[in-house]
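>>> After the sequence you'll find the predicted model.
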Amino acid sequence: MTEHHMATAPGPEGDRVFHLVMIKPSHYDDDGYPIQWIRSAIPSNTLACLNGLAEDTRRRSVLGPDVRLHLHTYDETNRRIRPARIIRDINRAGGRALIALVGVQTNQFPRAVDLARPFRAIGWPVVMGGFHISGCLAMLPEMPQEMRDAQALGISFFAGEAEEGRLDAVLRDAWANSLAPLYNFMDDLPSIQGEPPPILPQKHVRRTSGSLSSIDLGRGCPYQCSFCTIINVQGRKSRFRSPDDLERVIRENVAEGIRRFFITDDNFARNRNWEPLFDRLIALREEGLNIGFTIQVDTLCHRIPNFIAKAGRAGVRRVFIGLENINPENLLAAKKRQNRITEYREMLQEWREAGAITCAGYIIGFPGDTKESILRDVEIIKHELPLDILEFFVLTPLPGSEDHKNFWHQDVWMDADLNKYDLHHRVTHHARMSDAEWDEAYRAAWTNYYSRDHIRTILRRAAAHPAGRPKTALTTLLWFKLVALYEGVHPLEGGAFRLKFRRDRRHGMKLENPLVFYPRYAGETLVKAWHYLAAYRDAMRTLRQVLRAPDRWTYSDLAIAPPREDELDTLDLYQATSGGDAAVARVRREADARARVAVARS
């Protein structure tokens, strides 16, 4: 990199300024426009983590006491990224710059490369990190072509995690104009206890729906699910933050008026420190802090004594559960042996008693699936499991997963367009379904679960329980229903009011004529607004009917009724699913074994 290409300002003061520009990229929709909103759904925890670490490097003056470090953070899901404007502003301010593309997932890789192009064109250093980089290096025998092409543009890669001073090294190298092509820390995952906690400027949090912040209290997962990238990127040995770390980030956010948090741990129930962490949250709530949380857990969390009860007292108001499927044969094929369908009803009913809204992930496209079996299973879930939100995902061989590694070695066809690897698009073929059937089953699952009748049923279940929150359940249901039906993206990528900018189209795609782009954008926005308003009015009418129903407090149905002695022999969950009979037989064998042990001890 030549001095001519570096951002500089006249005089020695400008030469002692360094800008770290951290960008969390979005990815493109099917028309080639970044998926972007006035308010997005979920904050980027990776951006928060890196910003917290960067703030710490600034406090410690890692580039020297006479160098002023300026931090710039961008989340493209709720803010337009204009490289030309960033370049102009930094040139005006003076100093040098490093562009960091943060938390890049596989579907975001094409967009991240496109964002890097104008910076590399003027010689500015760019480093990219995230699950795609780390997953490919962890699981593949060689760097894939798209990464080699990016390196040919001069983009450096960072694999692994940036704690324990690793960000310091990258900043010093960039300051010295000697950024390495690759920083690979995949074989040495750091401790996160005592490390600077994740923190985002308030402007970012205010751009998320409900002003939601995030924190990771643990990384890694002990399980072996073949479709998962967590275990190969963050490891199978869990690492944790302390209750003091948690309290510090809570108080820092509350001071900024932020009281809702997403704990991003892939499986908080496997955090061995869950109880002291919950105890600290309970103490903070008893102190008077009105704070609430969303967590992610597995389907065996109810077996941990006091876990769900303390979660409720700690302020857990929404819980994401890795249900994944209700067919034991599919779960075994994916090495998700920890999921036992005979535990689902008890687990979900305990969360209902705790007053939490339950959201379960459900994967479509396992080897045993057919279109008919998928739609059958959705109906079973609707009638027999007390779930609030069911979010569907297409089974996807994500780089970094065992599935992707196996497909790579077996030369199985996988779509070359990484932008589609968003769990919302089909990127491979299925042994038992045609491509059209798989796509149709995925769309039909969303439509069938979020039907008007089933939304009414979910609201009736919530309204019948003293701890239920029917109004909150309704807003969440509408979010998932409307984004899935009208936005063309997965609801977890949704937001409030879709933004599109004509000139931000994907590299290699032709810019549309303004006379075509703007009328179509305005038209589709108006059509969606009409659908949203109609759906909202209908939903509010349903809610009023539910809340005024004379049998509101006595309502019951199969899903929320206490378990019956004969249900293992009568429910479709056990009798109609693939492998359900074997799951029931195992439960009975275990019960017989416990009975024999009890007799022997008596």
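That came in fine, so what should we check first?

>>> Now for residue 182: which residues touch it?
156-159 (C-beta atoms under 8 Å, 6 or more residues apart in numbering). Every C-beta, even on glycine, is put in place using the N, C-alpha and C of the backbone.

>>> Could you identify the buried members of those?
Using 16 or more other C-beta atoms under 10 Å as the burial test, the contacts of residue 182 include 156-159 as buried.

>>> Just give me the closest of these to residue 197.
Of all the buried ones among the contacts of residue 182, residue 158 has the smallest distance to residue 197: 20.3 Å, by C-beta to C-beta.

>>> Quick check: the closest one touching residue 129?
Yes - assessed by C-beta atoms under 8 Å, residue 158 is found in contact with residue 129 at 3.6 Å.

>>> how about low-confidence regions in the stretch 201-350 of the chain?
Applying pLDDT under 70 to the stretch 201-350 of the chain flags residues 209-211.

>>> hmm, 80 instead?
Residue ranges of the stretch 201-350 of the chain with pLDDT under 80: 201-212, 336-337.

>>> dump the residue contacts of the residue most central in space within the chain.
Closest to where the C-alpha atoms of the chain average out (C-alpha atoms, centre = their mean) is residue 492, at 7.0 Å. By C-beta under 8 Å, 6+ apart, the contact set of residue 492 is 41-42, 391.

>>> Could you do residue 390 as well?
Here residue 390 is in contact with 359-360, 362, 378, 381, 449 (C-beta under 8 Å, 6+ apart).

>>> the longest helix in the protein is where?
Looking across the chain with DSSP state H, the single longest helix is helix 514-548.

>>> Please identify the buried residues of stretch 18-31?
18-29.

>>> Looking at the residues you listed, which one is closest to residue 401?
residue 27 (18.1 Å).

>>> Look at residue 459 and say how many residues are nearby.
Residue 459: 24 surrounding residues under other C-beta atoms under 10 Å.

>>> So it belongs to a helix, correct?
Yes - assessed by DSSP: H, G, I helix; E, B strand; the rest coil, residue 459 belongs to a helix.

>>> isn't it right next to residue 471, touching?
No - contact criterion C-beta under 8 Å: residue 459 and residue 471 do not qualify, at 9.1 Å.

>>> follow-up on the earlier one: grab the two from the contacts of residue 390 that are most spread out in space.
Maximum distance among those (C-beta to C-beta): 15.5 Å, for 359 and 378.

>>> The two - which one has more neighbours?
Higher neighbour count among residue 359 and residue 378: residue 378, with 23 against 20, using other C-beta under 10 Å.

>>> Buried residues of whichever strand or helix holds the more buried one, list them for me.
Following DSSP states H and E, one finds residue 378 within helix 371-384. Buried residues in helix 371-384, counted by 16+ other C-beta under 10 Å: 371, 373-374, 377-378, 380-382, 384.

>>> so where is this protein shaky, pLDDT-wise?
1-15, 200-212, 336-337, 591, 594-595, 598, 601-602.

>>> How far off centre is stretch 44-61?
Remark: stretch 44-61 is offset 21 Å from the chain centroid, using C-alpha atoms, centre = their mean, to the nearest Å.

>>> go on, stretch 27-34?
Taking C-alpha atoms, centre = their mean, one finds stretch 27-34 lying 19 Å from the centre of the chain it belongs to.

>>> And for that stretch, what's in contact with it?
25-26, 35, 76, 81, 105, 107-108, 110-111, 419, 422, 488-489, 500-501, 504-506, 509.

>>> Going by distance to residue 290, which of the buried ones among the contacts of residue 182 wins?
Among these, and counting by C-beta to C-beta, the member closest to residue 290 is residue 158, at 38.0 Å.

>>> what's near enough to touch the closest one?
Per C-beta under 8 Å, 6+ apart, neighbours of residue 158: 127-129, 133, 170, 182-183, 185.

>>> If any of these are buried, give me the PyMOL selection for them.
Command for PyMOL that selects the buried part of the contacts of residue 158, burial taken from 16+ other C-beta under 10 Å:
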select buried, resi 127+128+129+133+170+183+185
